[in-house]
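Chemist: curious how this folds, go ahead:
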Amino acid sequence: MYYNGEYHLFFQHNPYGWSWGNMHWGHAVSRDLVHWEELGDVLQPDELGPMFSGSAVVDWNSTSGFGADGRPPLVLIYTAAGSPTVQCLAYSTDGRKFVKYAGNPVLGEVTGGNRDPKVFWHADTRQWVMVLYVEQRGRHTVHFFVSPNLRDWKLASVTEGDAVGGRYLFECPDFLS
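Modeler: This next block holds a predicted model:
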């Protein structure tokens with residue numbers, strides 16, 4: 001995404017080795033999309049668990065209330081994969097220092113297999129939409145949640161995996177409006 005004159009890239013990784021586990025979120029920036037500078041980790045495991053994948057959005061209207069001095073916040077929405085597995089927020093008003101939201105989690109566990117929130121602003125309905133992968137009763141599903149402010153979410157609908165690709169639907173869902 002483009003924020004404060006730079007493109008921002010966030011990525012899930014284990015900074016201590018090639019093996020799976022101990023997931024963090026790394027951060028890199030670029031002014032031209034060719035040359036990138038890594039800035040280090042912005043999300044580290046905490047009492048809610050390791051940092052699984054998610055989304056980053058610019059809250060241009062500061063609906064979340066995280067903006068400061070007329071600057072819209074850059075908000076990270078991620079899965080904290082502890083027990084329970086929950087969805088959380090972190091935010092920044094300078095694109096460098098991120099603060100985990102004190103009210104985390106913003107969405108509790110649906111099942112042990114819920115993860116990878118894809119979040120975007122839907123201008124027509126003036127609300128945020130979260131598309132979340134949820135393994136439910138051995139089936140792959142996508143849950144749609146809506147929020148006016150990125151902090152308060154309610155379930156809008158559920159799509160069964162067989163309706164949208166069955167066995168091929170798994171993790172990291174995306175949705176384009």
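Chemist: next up, the contacts around Trp36.
Modeler: Trp36 makes contact with Leu9, Ala28, Val29, Ser30, according to Cβ atoms under 8 Å, 6 or more residues apart in numbering. Every C-beta, even on glycine, is put in place using the N, C-alpha and C of the backbone.
Chemist: point out where this structure drops to low pLDDT.
Modeler: Within the chain, the set of residues satisfying pLDDT under 70 comprises 161-170, 177.
Chemist: show me the strands in it, by range?
Modeler: With DSSP state E as the definition, the chain shows strands at residue ranges 2-3, 6-13, 24-30, 37-43, 51-58, 74-80, 86-92, 99-100, 113-122, 127-136, 139-147, 154-160.
Chemist: what's the closest of those to Leu107?
Modeler: Ranking these by their distance to Leu107 (criterion: Cβ to Cβ) puts strand 86-92 first, at 3.9 Å.
Chemist: got the angle for the closest one vs strand 24-30?
Modeler: What separates the directions of strand 86-92 and strand 24-30 is an angle of 40 degrees, with axes from the mean of the first three to the mean of the last three Cα atoms, to 10 degrees.
Chemist: summarise which helices and strands strand 86-92 is packed against.
Modeler: Other helices and strands packing on strand 86-92, by 3 or more Cβ pairs under 8 Å, 6 or more residues apart in numbering; DSSP states H and E, are strand 37-43, strand 74-80, strand 99-100.
Chemist: could you spell out the sheet neighbours of the first one, each with its direction?
Modeler: Paired neighbours of strand 37-43 in the sheet (DSSP bridges): strand 24-30 (antiparallel).
Chemist: list of residues touching the partner strand?
Modeler: Under Cβ under 8 Å, 6+ apart, the answer for strand 24-30 is 6-15, 36-45, 50-51, 76, 78, 95.
Chemist: neighbours around Leu39, how many?
Modeler: Here the count is done by other Cβ atoms under 10 Å, and Leu39 has 14 residues near it.
Chemist: can you report how many residues lie near the residue nearest to it when sequence neighbours are not counted?
Modeler: Nearest non-adjacent residue to Leu39, counting by Cβ to Cβ, 6 or more residues apart in numbering: His27, 4.6 Å away. A count of nearby residues for His27, using other Cβ under 10 Å, gives 22.
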